[in-house]
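>>> Model the following, please.
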Amino acid sequence: MMTDPIADMLTQIRNAASVRKPKVSLASSNIKLRVAELLQSEGYLSVVRETSEGVKKSLELEVRFLPNGTTPVLKGIRSISKPGQRTYTGFDSIPRVRSGLGISILSTSKGVVTDREARKLKVGGEILCTVW
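Predicted structure coming up:
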């Protein structure tokens, strides 16, 4: 039984990038799909595809690599909010990741958004993860 599906997803992406495995397949959910779409829009993933076999849905992700083909674009990904210790923040105190070179992904009342979008919308929420 998984107690933290977001952290499990991030670990699978991190492990795939570290061993230069281009594809990751995992069980799908709405929040995992939205986090993956944000990672794709920020350029860390190249393809996000949701497939279904009957009732079971899965998420297929492709990690993006630099033009040399061996170095992943994703340098680090860390889960911030955990089931035992949720981390919430207001829009005015959202932390900057690597001086603005990375992103934070937040779950807000406006949906799952990046830190820049949350500041623009002036909403705070739960910090799910940071990516650089």
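
>>> Identify the single longest helix in this structure, thanks.
helix 5-18 (DSSP state H).

>>> and the residue positioned nearest the centre of the chain, helix, strand or coil?
The C-alpha lying nearest the average C-alpha coordinate of the chain belongs to residue 35 (C-alpha atoms, centre = their mean; 4.4 Å). Assigned by DSSP: H, G, I helix; E, B strand; the rest coil, the conformation of residue 35 is helix.

>>> before we move on, the earlier item: send over the longest helix of the chain as PDB, restricted to the C-alpha atoms.
Taking Å, rounded to 0.1, in the frame of the first residue of the first chain, the C-alpha atoms of helix 5-18 are listed here in PDB:
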ATOM      1  CA  PRO A   5       1.700   8.400  -4.200                       C
ATOM      2  CA  ILE A   6       3.200  11.800  -5.200                       C
ATOM      3  CA  ALA A   7       6.500  11.000  -3.500                       C
ATOM      4  CA  ASP A   8       6.500   7.600  -5.200                       C
ATOM      5  CA  MET A   9       6.000   9.200  -8.600                       C
ATOM      6  CA  LEU A  10       8.900  11.700  -8.000                       C
ATOM      7  CA  THR A  11      11.200   8.900  -6.800                       C
ATOM      8  CA  GLN A  12      10.400   6.900 -10.000                       C
ATOM      9  CA  ILE A  13      11.200  10.000 -12.200                       C
ATOM     10  CA  ARG A  14      14.400  10.700 -10.200                       C
ATOM     11  CA  ASN A  15      15.600   7.100 -10.500                       C
ATOM     12  CA  ALA A  16      14.900   6.900 -14.200                       C
ATOM     13  CA  ALA A  17      16.800  10.200 -14.800                       C
ATOM     14  CA  SER A  18      19.800   8.900 -12.700                       C
END
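
>>> So which residues make contact with that helix?
2, 21-24, 26-27, 29, 31-32, 35-36, 39, 45, 61, 63, 72, 74, 76-79, 82, 128-129 (C-beta atoms under 8 Å, 6 or more residues apart in numbering). In this view, the C-beta of every residue, glycine as well, is placed from N, C-alpha and C.

>>> And the next helix or strand past it?
Per DSSP states H and E, the first helix or strand lying C-terminal to helix 5-18 is strand 23-27.
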